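here is the input, now give the coordinates:
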Amino acid sequence: MSVVHNVNPTDLPVVGRYYQPEGRRIGDVIPFYWNGEHHIFFLSYGEAFYNHMPPGARRTPWGHLVSKDLVNWTRLPDAIAPSEEEAPDSGSCATGAIFEHAGRFYLYYTGRHFTREGKKREVICQAFSDDLVTWTKDPANPIAVPDPSIYGLENFRDPFVFRNEEAGEFWMLITADFPNEVRTRKGCLALLASRDLETWEHRGPFWTSRTRHQHECPDVFQFGDWWYMFYSDKRTNYRYSRTPNGPWMAPPVPTLDDTWFYAAKTSGDEKRRLLFAWLATKAPTTDDGRYEWGGSLACRELKQNPDGTLYTVLPEEHRSTRQIAAPKLVAPTGEAEIGDGKVTIRSPYGFALAFARDVPADAQTRLTITPQVGTRAFGLILRSDAVGATGYALRFDVERRIMSIASIDHLGEPRNVASQPWLPPASGPVDLVVTCSGSVIDAFAGPGSSLIARFHDYRGDNLGLWVEDGEAVFSELAVFDPLV
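Predicted structure coming up:
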């Protein structure tokens, strides 16, 4: 059974896979892998500050979790918290990075404060530790401030530090902007460099796409023979290069998941790379609720294609092991044929579906879908009623190359759509693993796509299998308890 120590259940899932502290939200995640343990530092603030204005003064501390298996988590004391009035981090301790050098751990973070006139200011601060648990802030904070001749003073945050061996320096990337540029194109990543982790020198902009308001939560790492740069603006994006100096190429699908999986950052070693983000909550807790900052922890594993592009898979630790009773397959119309443990649906001129009955609302479902060439779309209706009138449509649109999850009501109209570009296989099967747990629906489609979102309204115990304008075979259906 998944365990989270020192946490009581809420109406949101409190299993290790989608952890959320009681009375708090997980915001930007700062993962760090060390000696076989996954440390998750995260921005977090309590209910009293959910609607606090201005948002930058929510007095966010850094929470801290640790796990060996990505399922059983232990909550450790908060790493750092905002200082008193007049300090550079009196408003919040915002996003940054953990870095180890010569046996010492460095915590780089954004110090956010406000002037007496109420203007937001962001600077870079640091703290030190010998054990990753007890941290001491540098009395010299801030260690870096924006150069006003280049950058705006309000947005200078999210420091990320890495070692550039080619340059023989430590590099720090910072979310910044050009104050006189058009708002939708002013975002950039600033570069600071140091040889001793004590004195940092401005080197000008590191990178800008000229397409974004901000490039939040940067993350640069080497994985195999390639270098990768992650950043977030509405969605998590990535680029890749042969060197840490660029040029940074855009892959065919530059985003990883929908807006619900936000501010993703990575951790790992030379053999494995994991991707962590926060899954937003909704307020009120209905399908039509508004998107809120912060929520639950979510995780993917990154894999590489031979050409250097990345794709996501379900971490093996999150694959459930306890299978529950096999569902009953039924075909209410003549377009579906059941036999040998599989369902074949033929509907060349419209929509047709079959059902797997008695699938719990909370379950991890695995199956393989093999569409015929020329099929327009196919997918599932999760948590469906008995006839497929309500539930959540997981749709694979071959024609538009989009994977999506949406609420459907009795009229069958999609609402609250979460989507991600999807590269369908030229031929052959799509292997699915879909976890429904509390308000979370988390889908992985092999080879290499994932999509997560939050839904609240429907709790049906049927699984719809459907095809639109084509033919597909649904096979190897198995249902598991999502909590083990």
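
residue 310 and residue 249, how far apart?
Using CB to CB, to the nearest Å, residue 310 is found at 12 Å from residue 249. In this view, the C-beta of every residue, glycine as well, is placed from N, C-alpha and C.

so what sits against both of these two?
residue 240 (CB atoms under 8 Å, 6 or more residues apart in numbering).

the more surrounded of the two?
Legend: neighbour count by other CB atoms under 10 Å for residue 310 and residue 249, higher for residue 310 (22 against 13).

if the more buried one is in a bridge, with which residues?
residue 304 (DSSP bridges).

surely it touches residue 251?
Yes. Using CB atoms under 8 Å, residue 310 is in contact with residue 251, at 7.2 Å.

intersection of neighbour lists for these two?
Contact criterion CB under 8 Å, 6+ apart; residues bridging residue 310 and residue 251 by contacting each: 238, 240.

what sits against residue 406?
Residue 406 sits next to 392, 393, 395, 414, 415, 416, 417, 418 when contact means CB under 8 Å, 6+ apart.

so the last one, which of the three states?
For residue 418, the reduced secondary structure class is strand; criterion used: DSSP: H, G, I helix; E, B strand; the rest coil.

check what pLDDT it gets.
pLDDT, residue 418: 96.

how about it: what's its closest non-neighbour residue?
residue 453 (3.7 Å; CB to CB, 6 or more residues apart in numbering).

what's the helix or strand for the one you found?
Taking DSSP states H and E as the definition, residue 453 sits inside strand 449-454.

I'd like to know which elements that strand is packed against.
Under the contact definition 3 or more CB pairs under 8 Å, 6 or more residues apart in numbering; DSSP states H and E, strand 449-454 sits against strand 273-283, strand 290-304, strand 310-313, strand 402-408, strand 414-421, strand 440-446.

relative to that strand, what are the paired strands and their orientations?
strand 440-446 (antiparallel).

now do the partner strand against strand 402-408, angle only.
Our comparison of strand 440-446 with strand 402-408, counting by axes from the mean of the first three to the mean of the last three CA atoms, to 10 degrees, yields an angle of 150 degrees.

for the record, mean pLDDT for strand 440-446?
95.

give me the below-cutoff pLDDT ranges for the stretch 51-200 of the chain.
51-58 (pLDDT under 70).

one step back: and the contacts of residue 406, which are buried?
Burial by neighbour count, 16 or more other CB atoms under 10 Å: within the contacts of residue 406 this picks out 392, 393, 395, 416, 418.

now do the helix or strand harbouring the second one: distance to the chain's middle.
Element membership for residue 393, per DSSP H and E: strand 391-397. Strand 391-397 has its C-alpha centroid displaced from the chain centroid by 20 Å (CA atoms, centre = their mean, to the nearest Å).

any residues touching it, and which ones?
369, 371, 376-385, 402-408, 414, 422, 424, 430, 434, 441, 443, 445, 455, 458, 460, 462, 464.

now that strand - C-alpha only, PDB.
The C-alpha trace of strand 391-397 is given here as PDB (Å, rounded to 0.1, in the frame of the first residue of the first chain):
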ATOM      1  CA  GLY A 391     -18.000  10.100 -18.100                       C
ATOM      2  CA  TYR A 392     -14.600  11.100 -19.400                       C
ATOM      3  CA  ALA A 393     -13.600  10.600 -23.000                       C
ATOM      4  CA  LEU A 394     -10.000   9.700 -23.700                       C
ATOM      5  CA  ARG A 395      -9.700  10.400 -27.400                       C
ATOM      6  CA  PHE A 396      -6.900   9.600 -29.900                       C
ATOM      7  CA  ASP A 397      -7.600  11.700 -32.900                       C
END
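
what lines up beside it in the sheet?
In its sheet, and by DSSP bridges, strand 391-397 pairs with strand 377-384 (antiparallel), strand 402-408 (antiparallel).

let me see the mean pLDDT of it.
Strand 391-397 comes out at a mean pLDDT of 97.

check whether residue 171 really touches residue 197, as I assumed.
No. Between residue 171 and residue 197 there is no contact under CB under 8 Å: 11.1 Å.

the two: which has the busier surroundings?
residue 171 (20 against 17).

for that one, what is the enclosing helix or strand?
Going by DSSP H and E, residue 171 is part of strand 169-177.

tell me what that strand is packed against?
Using 3+ CB pairs under 8 Å, 6+ apart, strand 169-177 sits against strand 157-164, strand 187-194, strand 201-207, strand 216-223.

how much does the third one deviate in direction from strand 169-177?
Read that as strand 201-207. Using the same axes, to 10 degrees: strand 201-207 against strand 169-177 is 60 degrees.

run through who's touching strand 201-207.
Contacts of strand 201-207 (CB under 8 Å, 6+ apart): 147, 150, 171, 173, 176, 188-194, 215, 229, 246, 248.

tell me the strands beside it, with direction?
Sheet pairing for strand 201-207, assigned by DSSP bridges, gives strand 187-194 (antiparallel).

in PDB, list the C-alpha atoms belonging to the strand it pairs with.
Output of strand 187-194 as PDB, limited to C-alpha atoms (Å, rounded to 0.1, in the frame of the first residue of the first chain):
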ATOM      1  CA  GLY A 187      10.800  36.600 -21.800                       C
ATOM      2  CA  CYS A 188      14.400  35.300 -21.700                       C
ATOM      3  CA  LEU A 189      16.800  33.300 -19.600                       C
ATOM      4  CA  ALA A 190      19.600  35.400 -18.100                       C
ATOM      5  CA  LEU A 191      23.100  33.800 -17.600                       C
ATOM      6  CA  LEU A 192      25.400  34.400 -14.600                       C
ATOM      7  CA  ALA A 193      28.700  32.600 -14.200                       C
ATOM      8  CA  SER A 194      31.000  31.800 -11.300                       C
END
